[in-house]
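Visitor: need coordinates for the below:
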Amino acid sequence: MEGGTCMELALEGERLCKGGDCRAGVSFFEAAIQVGTADMKTLSAIYSQLGNAYFYLGEYGKALEYHKHDLTLARTMNDPLGEAKASGNLGNTLKVLGQFDEAILCCKRHLDISRELQDTVGEGRALYNLGNVYHAKGKHAGRMGHQDPGDFPDDVKESLQRAAEHYEENLKLVRELGDRAAQGRACGNLGNTHYLLGNFSQAIHYHEERLKIAKEFGDKAAERRAYSNLGNAHVFLGEFGEAAEHYLKTLQIAREIGDRAVEAQACYSLGNTYTLLRDYEKAIYYHSLHLQIAQELLDRVGEGRACWSLGNAFAALGNNERALEFATKHLHISVEIGDQTGQQTAESNVTDLRSVLGISDTDGMLCGETDDCSDAAASRQARLRRISMENMDLVSQSPSAKAEKSSDGEAKRKKPDALPPFAASTHRAAAAGLAPDRSPDDGLRRRQPNQMNGSVPGAASGATLQIGNHVAVQPQTEEQKNQLMDMIAGFQANRLNDQRAVLPDLPGLQTNPAVIGQLLASSSHGGSQGVGLDDSFLEMLMRCQATRIEDQRSSLPISAREARSVSAPTVPDEDFFNLIQRIQSGRLEDQRSHLPEAQENGSSSGSSSLRSSFKNSLKGSKKGSKKKK
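Guide: Residues are numbered from 1 along each chain as shown. Sure thing, here's the model as predicted:
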């Protein structure tokens, strides 16, 4: 790496990144920037590839920084194509950072420039990126309310609808270009968007098209995703048999590519689907496979869900002893990971099953042994302590902050509500309804004699002497005159600095007279036609700059629950576990109010609605015992 030119180092970094070693590639790109170059095009390419490499590595703050540098250079060189690509890269990075409005602005800039240049390929990419941002924005907002697909608030639906519109435009363009791979991506995203909007038939149409294209390319990963998405859509249409077929194909491909986490997800979905079909033997088989892989991958969240599902399946078969065993395991795991909703459900199930088996509460504790409960209590106490530490203002505990607080307290005790003379007079004038017809300088001059009487010796102004209503100013000494001139010179220097043009901070750019002139011309005019920067671009820069402040703030520690929500590799992201759990929470009421004939009337799973199918398929063991009686 030593002794190479900027171009040589950059080429080696590009080679490493293309080979998949982005970490080593980043090192060479950074070394190239350290060497530096006066060629703006070379530096722009380095910025772009360095930003993409950091994005691939998940270091989005660094990616954002270098894509901003790339955008600045593109504007400086009057390179609209480079500006469009840099804007698109910025939009993708801001989307991942959750800055959706800023991302939309950047992607629209990419789209506008591409249309001005009649760049159809760039226009298609910009439309695809815009669809991704709106889809991510709607999906992110939809997760906050725990709604089912199709039941989101209007603002979420609006974002998803905008995403679908941009994907449709993108699909139309790539069909004209004959780009089958891009068509597959657009169809997959359209299927996902319509799924969230509750348009399940349209979702199936696009996912089937996605599956067809994935098979053309032999893309097993895309084929697996298409089968899984088709299964999810058929579940919400109540077509559980078709859903099971698609999940079986998902499981087969997952085993072919050797992805254990995806294999567990397919088993989880199959177990739930066979529960809906009331084939509890098969449901237990697949939930047991899910549990085995979850234990292998140390996924406690997935393990807890598998135990919960196995408990329900065994209860449906009337095997209440095994159901109690898995319900108790689910309770232990929920307490361990701090899942309060799961804990409440498990406690309800355990109490229910104990009642059916005739086991009183005094025969055993809900948490199992006494030691287990004490450990759970200690764990909860530790979590409370961690939360209290997270809420503590650490800055206020530092010695300097305490000393400052102490000095502020003494000052307040000495002069409780004191205001500066000019501020106090302004406050009184405003209270009296008087307009401030004199400038602050007038007020200062009127009060200056009185203030000078109490001023310390050696001030810049001469000493004053007040006799009656007349003020006599004594001549200044030479030292005081010099201090006054130094102060004036300092003010004038600051004024000159404010008038100077500031060059952009671009690491690795070797400045020479030609480069400086180009940078100054760009700062003054900002365009090849000699016109100023347009308002939309300035707004985009200001919003991107605001994210820089957020990047510099230290983040609070994420809670244990947030950390766990990211680490559940054996559970699908788009699953219906929460829907099942919410319906399961009303299980006791269903058992009390429904007559035995109600179960027979609701036996058809294919034609009934999804929610009623869930309710009918998850009846507890109490109802079965009532029917026997």
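Visitor: now stretch 6-24: buried residues?
Guide: Buried positions in stretch 6-24, judged by neighbour count with 16 or more other Cβ atoms under 10 Å: 6, 9, 10, 12, 13, 14, 16, 17, 22, 24. In short, each C-beta sits where N, CA and C put it, glycine included.
Visitor: scratch that, stretch 44-61
Guide: By neighbour count with 16+ other Cβ under 10 Å, stretch 44-61 contains the buried residues 44-55, 60.
Visitor: give the buried residues for the stretch of helix or strand residue 253 belongs to.
Guide: Using DSSP states H and E, residue 253 maps to helix 240-257. Under the neighbour-count criterion of 16+ other Cβ under 10 Å, helix 240-257 has 240, 242-251, 253-254 buried.
Visitor: okay but residue 214 is in contact with residue 229, surely?
Guide: No: using Cβ atoms under 8 Å as the test, residue 214 is too far from residue 229 to be in contact (11.3 Å).
Visitor: pull out the buried residues from stretch 100-119.
Guide: The neighbour-count check on stretch 100-119 (16+ other Cβ under 10 Å) flags 100, 102-114, 119 as buried.
Visitor: contacts for stretch 209-220?
Guide: The contact list for stretch 209-220 (Cβ atoms under 8 Å, 6 or more residues apart in numbering) reads 180-181, 183-184, 187-188, 191, 222-223, 225-227, 229-230, 253, 256-257.
Visitor: could you turn the buried ones of these into a PyMOL selection?
Guide: Here is the PyMOL command that selects the buried residues among the contacts of stretch 209-220 (16+ other Cβ under 10 Å):
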select buried, resi 183+184+187+188+191+222+223+225+226+227+229+230+253
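Visitor: in strands, which of the contacts of stretch 209-220 fall?
Guide: Using DSSP state E, the subset of the contacts of stretch 209-220 located in strands is empty.
Visitor: okay, buried residues for the helix or strand residue 87 falls within please.
Guide: Using DSSP H and E, residue 87 falls within helix 80-96. Buried positions in helix 80-96, judged by neighbour count with 16+ other Cβ under 10 Å: 80, 82-95.
Visitor: pLDDT of it, averaged?
Guide: Averaged over helix 80-96, pLDDT sits at 94.
Visitor: for it, packing partners?
Guide: Applying 3 or more Cβ pairs under 8 Å, 6 or more residues apart in numbering; DSSP states H and E, one finds that helix 80-96 contacts helix 40-56, helix 60-76, helix 100-116, helix 120-143, helix 535-552.
Visitor: in TSV, list those helices along with distance to residue 175 and mean pLDDT.
Guide: Below are the helices and strands packed on helix 80-96 laid out as TSV (distance: least, Cβ to Cβ, whole Å; pLDDT from 0 to 100):
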stretch	distance to residue 175	mean pLDDT
helix 40-56	27	92
helix 60-76	30	92
helix 100-116	18	95
helix 120-143	10	92
helix 535-552	30	50
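Visitor: and residue 151, how close does it get to residue 288?
Guide: To residue 288, residue 151 is 33 Å away according to Cβ to Cβ, to the nearest Å.
Visitor: those two: which is more packed in?
Guide: More neighbours surround residue 288 than the other of residue 151 and residue 288, with 15 against 12 (other Cβ atoms under 10 Å).
Visitor: and the host helix or strand of residue 275, which residues are buried?
Guide: Using DSSP H and E, residue 275 sits within helix 260-276. Residues 261-276 are the ones in helix 260-276 that count as buried (16+ other Cβ under 10 Å).
Visitor: looking at these, spot the one nearest residue 175.
Guide: The nearest member of these to residue 175, counting by Cβ to Cβ, is residue 262 at 30.3 Å.
Visitor: and that closest one, what's its pLDDT?
Guide: If you check residue 262, the pLDDT there is 94.
Visitor: give me the nearest residue to it, chain neighbours excluded.
Guide: Spatial nearest neighbour of residue 262, chain neighbours left out: residue 254 (4.1 Å); criterion: Cβ to Cβ, 6 or more residues apart in numbering.
Visitor: isn't that neighbour up against residue 263?
Guide: Yes: checked against Cβ under 8 Å, the pair residue 254 and residue 263 is within contact range at 4.1 Å.
Visitor: hmm, back to that, which of the buried residues of helix 260-276 lies closest to residue 234?
Guide: Nearest to residue 234 among these: residue 273, at 9.0 Å, using Cβ to Cβ.
Visitor: any idea how far the closest one is from residue 280?
Guide: 12 Å.
Visitor: residue 336 and residue 300 touch, don't they?
Guide: Yes: proximity of residue 336 to residue 300 meets the contact threshold set by Cβ under 8 Å, at 6.8 Å.
Visitor: compare those two and say which one has the larger neighbour count.
Guide: Neighbours of residue 336 and residue 300, each counted by other Cβ under 10 Å, are more numerous for residue 300; the result is 18 against 15.
Visitor: and the residue nearest to residue 262, what does it touch?
Guide: Here residue 254 is in contact with 224, 262, 263, 265, 266 (criterion: Cβ under 8 Å, 6+ apart).
Visitor: okay if I get those as a markdown table plus distance to residue 329?
Guide: Formatted as a markdown table, those follow (distance: Cβ to Cβ, whole Å):
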| residue | distance to residue 329 |
| --- | --- |
| 224 | 30 |
| 262 | 24 |
| 263 | 22 |
| 265 | 20 |
| 266 | 22 |
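Visitor: how about residue 290, nearest residue that isn't a chain neighbour?
Guide: In space, and not counting its chain neighbours, residue 290 is closest to residue 267: 4.2 Å by Cβ to Cβ, 6+ apart.
Visitor: which helices and strands does the helix or strand where residue 172 lies pack with?
Guide: In this assignment (DSSP H and E), residue 172 forms part of helix 154-177. Secondary-structure packing of helix 154-177 (3+ Cβ pairs under 8 Å, 6+ apart): helix 120-143, helix 180-196.
Visitor: just to revisit the earlier point, of the buried residues of stretch 6-24, which belong to helices?
Guide: Among the buried residues of stretch 6-24, the members found in helices (DSSP state H) are 6, 9, 10, 12, 13, 14, 16, 17, 22, 24.
Visitor: residue contacts, the fifth one?
Guide: Applying Cβ under 8 Å, 6+ apart, we find residue 13 in contact with 25, 26, 27, 28, 29, 31, 32, 46, 49, 50, 53.
Visitor: likewise for residue 340?
Guide: Residues in contact with residue 340 (Cβ under 8 Å, 6+ apart) are residue 334.
Visitor: same thing with residue 115?
Guide: Listed by Cβ under 8 Å, 6+ apart, the contact set of residue 115 reads residue 123.
Visitor: the chain should start at 14 in everything you say after this.
Guide: OK, 14 is where the count begins now, so the last one is residue 128.
Visitor: pLDDT weak spots in the stretch 214-363 of the chain?
Guide: For the stretch 214-363 of the chain, no stretch is flagged by pLDDT under 70.
Visitor: re earlier: and the helices and strands packed on helix 167-190 as CSV, adding distance to residue 365?
Guide: Putting those into CSV (distance: least, Cβ to Cβ, whole Å) gives the following:
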stretch, distance to residue 365
helix 133-156, 30
helix 193-209, 34
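Visitor: of these, which approaches residue 372 most closely?
Guide: Comparison of the helices and strands packed on helix 167-190 against residue 372 by Cβ to Cβ identifies helix 133-156 as nearest, at 39.1 Å.
Visitor: which of the residues in the closest one are buried?
Guide: For helix 133-156, the neighbour count (16+ other Cβ under 10 Å) marks 135-152, 154-155 as buried.
Visitor: go ahead and confirm residue 175 touches residue 147.
Guide: Yes: when contacts are counted by Cβ under 8 Å, residue 175 is listed as touching residue 147 (4.4 Å).
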